[in-house]
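Chemist: I'd like to go over a predicted model; first the sequence, then the structure.
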Amino acid sequence: MLLIDSTIYLNLLKSLRDPVEVLKYWIERDEILTCGIIRCQVLRSIINKKVYRRMETLFNVVVTAPITEKTWKVAAELAWKLDRQGIILPLDVLIIAICAGRFKATVITNDPYFEKVPDLRTSFDLPNSPSQPQ
């Protein structure tokens, strides 16, 4: 399972690459995870209504990690623990990381903050799909 961070979606859109096409292999296998924070971060950044609708459709079909009361409690505990170690992370990073951890997903991101979350698998690159040339 891959949780694609908003930085990846926005970089793909900025480079005029269609995230649906880039992620098609994993989308077809229900291996893409998102959460409400990523959905909002991406959609609010889109100017073109057609692109907005395409991305909204994408977010409607991928697996969505719920952000529950337990998520907030775990985030508060993790933030407190990390803060005491001098590791101050944005709240959205913590929530996204907790969602990824619950699904044992690797976070695909350009944001180095994620690397500071204990026991979280991260990567700056998408893995190669069998349909991609090596």
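Modeler: That came through fine. The shown structure was predicted, so the numbers you read here are calculated from the model rather than taken from an experiment.

Chemist: Quick one: residues in contact with stretch 120-134.
Modeler: 2, 8, 22-26, 97, 100-101, 105-110, 114-115 (Cβ atoms under 8 Å, 6 or more residues apart in numbering). Where you see a C-beta, it was placed from the backbone N, CA and C, and this is true even at glycine.

Chemist: Tell me the helices and strands packed up against the helix ranked longest in the chain.
Modeler: The residue-count maximum for a helix in the chain (DSSP state H) belongs to helix 69-84. Secondary-structure packing of helix 69-84 (3 or more Cβ pairs under 8 Å, 6 or more residues apart in numbering; DSSP states H and E): helix 91-102.

Chemist: report the angle between the axes of the helix it packs on and helix 69-84?
Modeler: Counting by axes from the mean of the first three to the mean of the last three Cα atoms, to 10 degrees, helix 91-102 lies at 120 degrees to helix 69-84.

Chemist: number of nearby residues for the residue nearest to Val61 when sequence neighbours are not counted?
Modeler: Take Val61 and drop its neighbours on the chain: the residue closest to it by Cβ to Cβ, 6 or more residues apart in numbering is Ile27, 6.9 Å away. By other Cβ atoms under 10 Å, 17 other residues sit near Ile27.

Chemist: where does Pro130 land on pLDDT?
Modeler: Per-residue confidence (pLDDT) for Pro130: 70.
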